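>>> compute the structure for the input listed below.
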Amino acid sequence: MLGMLFSDKECKELDYVLRKELDEMLFDLSDQRLDLEVRNAIASRYRTVFRMYARFAPPKELSKYARNSKLSQFKQ
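So this is what the prediction gives:
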């Protein structure tokens, strides 16, 4: 287990960066022109970034980025 100490300003910056990254990945996941393999890679990264964001985001903010796992599975 690793731990880090952040100032309030650093926490806000990290919050902003993670939210923007989640927004971009959601936008990319909605693009049907991307190959299945690419969307699966984005979905895997999304889960990792979402778990990072979930460690300090309030539940109301977190619910904006929660994805249904059944809907996030892609079919060819």
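>>> and Ala66, how close does it get to Leu18?
14 Å (Cβ to Cβ, to the nearest Å). Heads up, the C-betas are built off the backbone N, CA and C, glycines and all.
>>> which one of those two has more residues nearby?
Leu18 (19 against 10; other Cβ atoms under 10 Å).
>>> so the more buried one sits against Arg51, correct?
No: Leu18 is beyond contact range of Arg51, at 10.3 Å (criterion: Cβ atoms under 8 Å).
>>> so what secondary structure elements neighbour the helix or strand harbouring Lys9?
Using DSSP states H and E, Lys9 sits within helix 8-29. Helices and strands touching helix 8-29, by 3 or more Cβ pairs under 8 Å, 6 or more residues apart in numbering; DSSP states H and E, are helix 36-54.
>>> output the contacting helices and strands for the following helix or strand past the helix it packs on.
Remark: after helix 36-54, the chain's next helix or strand is helix 59-62, criterion DSSP H and E. For helix 59-62, there is no helix or strand it packs on, judged by 3+ Cβ pairs under 8 Å, 6+ apart.
>>> Gly3 in helix, strand or coil?
Classification of Gly3 using DSSP: H, G, I helix; E, B strand; the rest coil returns coil.
>>> so what's it scoring on pLDDT?
Looking at Gly3, its pLDDT reads 85.
>>> what does Ala66 give?
Looking at Ala66, its pLDDT is 89.
>>> go on, Lys20?
97.
>>> can you tell me how far it is from Leu36?
25 Å.
>>> could I get the helix or strand bottoming out on mean pLDDT in the chain in PDB with only the CA atoms?
Counting by mean pLDDT, DSSP states H and E, the chain has its least confident helix or strand at helix 59-62, which shows a mean of 90. Extracted in PDB, the C-alpha atoms of helix 59-62 (Å, rounded to 0.1, in the frame of the first residue of the first chain):
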ATOM      1  CA  PRO A  59     -20.900   9.900  -3.900                       C
ATOM      2  CA  LYS A  60     -23.000  12.400  -5.800                       C
ATOM      3  CA  GLU A  61     -20.000  13.200  -8.100                       C
ATOM      4  CA  LEU A  62     -19.000   9.600  -8.400                       C
END
